[in-house]
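Engineer: Below: sequence and its predicted model.
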Amino acid sequence: MNRQMVLVGFLQAQNCTNLPSSWRHPDSRSDSMSADYYQEIARILEAGKFHMAFFDDRLAMPDRYGNDHAHTVEYGIRCVKMDPLIVLTTMGMVTEKLGLGATCSTTYYEPFDVARRFATLDLMSGGRAGWNVVTSLNDGEALNMGRDSHPEHDSRYDRADEFMEVVLGHWDTWEDGALIMDKQSGRFADPTKVKRLDHKGPAFRSRGPFTVPRSQQGHPVIIQAGASGRGQRFAGRWGEVIFTAARNLAAAKDGYAAVRNEAATTGRDPDKMFLCNLTTPVCAATKAEAEDKMALIDKLPLQIDALSLLAEALNYDFASKDLDEPLTTEELKSMQGILGIRDGVLKASGKSNPSARDFVTFSGRGQVQDAMVGGPKEIADKLEEMFVERGCDGFVIAATYVPGSYADFVKHIVPELQRRGLFQKDYRGRTLRENLGLERPAAGAWRVQPREAAE
């Protein structure tokens, strides 16, 4: 079969999408704290044969700007953050094949807890779960979880590597065929096929035995979104679906090659992972209609949206400087969180010491300047170019209003992608791994040996 795109719906369990102003759109539903809201999205995505619905998450509302949450609450800048796993469960109840992915932090949770939550979702959904592994971003999350400050960037990834070993180790401890379920003999499972992990490492101790058997797909799909050098190494080692956010084809191709090379270096097959680029399409039946939609969307963002999300993502208080005052080299080095944003601003602005206004202008945070606007042909042409030129293996589709953006994409763009042979007309199976074309992993399959890096 010819190579086809992976499509993921980007969601957040809150009052807005990744675009904080989306709740202000006149056609957005206002009941984002109801199950029906997310279940409608789930039905739309499954009707469009999307591989997965995915929830981003944070453990704090944005409050680094001015070290206060008042602006976040007043303007609805991601101030509501519900537990995405519970929301996904409600979506799984009204779908049969749509993958269900969510974010959970390796910095502020324990491995056994995370392993159990996602293994349970995997069983309850018939093998459709995916875990997005993150190391969290800022001091707000640290303070909510009982810490004084957020750990340093690279040390978080060192901890995350061990976290992965513990989670995957627990998922391996129930062998296939462990369940007997013989009512006559009274034997439920074979104890020789259920082992303890007994992990003792620098950051974690976890004994076991694990309490959830393996699912139809073996274990949840591992999702990652590392953008920095250390993050790319982590993604290359562990990620099966990897989210990227390149703003043009050249950057996408560079990132695509870098992550695949990291995977090969660890001994993994780069063809058994999928890099999906974040994309915000504004689409309609014609380009003119799409441009009319975009004109309305352009009026929604406020400057405070961008400043708030930049402060959150980089763990730096942009209110501490005048909007046009250049940031010092020391201040730039002090930033944590998504360092790809900082590095992207430095490159795009051409300034070694950009100002807060430069960050607003060149980061795209809280804005829609990189939206793909057009009818079926225009949008499909752009997606096809990035896909065929190996800038990515698929796309994470972000919405500008809900649920209309998803419905527009399914109605106008999916049929055109299918007509071109670029996207599936139906699901391959019932589990997320089957639909991605990933093999069901044998216990311990993740313990690979390094080999020569790919060219």
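Structural biologist: Sure, I can see it.

Engineer: is it true that residue 93 touches residue 39?
Structural biologist: Yes: with contact defined as Cβ atoms under 8 Å, residue 93 counts as touching residue 39 (7.5 Å). (Glycine included, C-beta is placed from N, CA and C.)

Engineer: more neighbours, these two?
Structural biologist: Of the pair residue 93 and residue 39, residue 39 is the one with more neighbours under other Cβ atoms under 10 Å, namely 17 against 12.

Engineer: Pretty sure that one sits against residue 89.
Structural biologist: No: between residue 39 and residue 89 there is no contact under Cβ under 8 Å: 10.8 Å.

Engineer: in the stretch 101-250 of the chain, which spans are strands?
Structural biologist: 129-134, 179-182, 187-189, 199-200, 205-206, 221-224, 241-244 (DSSP state E, counting those that start in this stretch).

Engineer: Relative to residue 25, which of those strands is closest?
Structural biologist: Checking these against residue 25 by Cβ to Cβ gives strand 241-244 as the closest, at 24.0 Å.

Engineer: Sheet partners, orientation included, of that closest one?
Structural biologist: In the sheet, strand 241-244 lines up against strand 221-224 (parallel), strand 274-279 (parallel) (DSSP bridges).

Engineer: List of residues touching the helix or strand following the last one?
Structural biologist: Which is strand 274-279. The element immediately downstream of strand 274-279 (helix or strand, assigned by DSSP states H and E) is strand 281-283. With Cβ atoms under 8 Å, 6 or more residues apart in numbering as the test, strand 281-283 has contacts from 290, 293-294, 297, 368, 371-376, 379, 397, 400, 405, 408-409, 412-413.

Engineer: run the last query once more with 6 Å
Structural biologist: Residues outside strand 281-283 that contact it (Cβ atoms under 6 Å, 6 or more residues apart in numbering): 290, 293-294, 371-373, 379, 408-409, 412-413.

Engineer: would JSON lines of the residues you listed with pLDDT and neighbour count be doable?
Structural biologist: As requested, these are exported to JSON lines (pLDDT from 0 to 100; neighbours: other Cβ atoms under 10 Å):
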{"residue": "290", "pLDDT": "98", "neighbour count": "24"}
{"residue": "293", "pLDDT": "97", "neighbour count": "21"}
{"residue": "294", "pLDDT": "97", "neighbour count": "19"}
{"residue": "371", "pLDDT": "93", "neighbour count": "21"}
{"residue": "372", "pLDDT": "96", "neighbour count": "19"}
{"residue": "373", "pLDDT": "97", "neighbour count": "21"}
{"residue": "379", "pLDDT": "98", "neighbour count": "25"}
{"residue": "408", "pLDDT": "98", "neighbour count": "23"}
{"residue": "409", "pLDDT": "98", "neighbour count": "25"}
{"residue": "412", "pLDDT": "98", "neighbour count": "21"}
{"residue": "413", "pLDDT": "98", "neighbour count": "26"}
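
Engineer: TSV for the residues you listed, including distance to residue 250?
Structural biologist: Shown next, in TSV, are these (distance: Cβ to Cβ, whole Å):
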residue	distance to residue 250
290	25
293	28
294	24
371	19
372	17
373	21
379	20
408	28
409	25
412	28
413	24
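
Engineer: Need the winner for burial among the strands paired with strand 241-244.
Structural biologist: strand 221-224 (a mean of 26; mean count of other Cβ atoms under 10 Å).

Engineer: Other residues contacting that one?
Structural biologist: Contacts for strand 221-224 (Cβ under 6 Å, 6+ apart): 101, 130, 132-133, 235, 238-242, 432.

Engineer: Can you tell me which of those residues is nearest residue 176?
Structural biologist: Looking across the contacts of strand 221-224 and measuring by Cβ to Cβ, the closest to residue 176 is residue 432, at 17.9 Å.

Engineer: mind listing what the residue nearest to the closest one when sequence neighbours are not counted touches?
Structural biologist: With sequence-adjacent residues excluded and distances taken as Cβ to Cβ, 6 or more residues apart in numbering, residue 432 is closest to residue 99, at 3.8 Å. Neighbouring residues of residue 99 by Cβ under 6 Å, 6+ apart: 51-52, 128, 130, 432.

Engineer: can you rerun that using 7 Å?
Structural biologist: 51-53, 128, 130, 432, 435 (Cβ atoms under 7 Å, 6 or more residues apart in numbering).

Engineer: quick one: residue 54 is in a strand?
Structural biologist: Yes: applying DSSP: H, G, I helix; E, B strand; the rest coil, one finds residue 54 inside a strand.

Engineer: Please name the bridge partners of it.
Structural biologist: residue 10, residue 101.

Engineer: can you start the count at 2 instead of 1 from here on
Structural biologist: All set: I'll call the first residue 2, so the last point we hit is now residue 55.

Engineer: Make TSV out of the contacts of strand 222-225 and add neighbour count and distance to residue 423.
Structural biologist: Output for these, formatted as TSV (neighbours: other Cβ atoms under 10 Å; distance: Cβ to Cβ, whole Å):
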residue	neighbour count	distance to residue 423
102	30	22
131	27	22
133	23	25
134	22	28
236	28	24
239	25	28
240	26	23
241	22	21
242	29	18
243	27	20
433	30	20
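
Engineer: Just name the lowest-scoring one in these, pLDDT-wise.
Structural biologist: By pLDDT, residue 236 ranks lowest within these, coming in at 88.

Engineer: ok, back up a step: output the strands of the stretch 102-251 of the chain as JSON lines; include the columns distance to residue 327.
Structural biologist: As requested, the strands of the stretch 102-251 of the chain are exported to JSON lines (distance: least, Cβ to Cβ, whole Å):
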{"stretch": "strand 130-135", "distance to residue 327": "31"}
{"stretch": "strand 180-183", "distance to residue 327": "63"}
{"stretch": "strand 188-190", "distance to residue 327": "64"}
{"stretch": "strand 200-201", "distance to residue 327": "47"}
{"stretch": "strand 206-207", "distance to residue 327": "47"}
{"stretch": "strand 222-225", "distance to residue 327": "34"}
{"stretch": "strand 242-245", "distance to residue 327": "29"}
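
Engineer: right, so of those, which gets closest to residue 340?
Structural biologist: For residue 340, the closest of the strands of the stretch 102-251 of the chain is strand 130-135, at 13.7 Å, according to Cβ to Cβ.

Engineer: packing partners for the closest one?
Structural biologist: Under the contact criterion of 3 or more Cβ pairs under 7 Å, 6 or more residues apart in numbering; DSSP states H and E, strand 130-135 touches strand 100-106, helix 112-125, strand 222-225.
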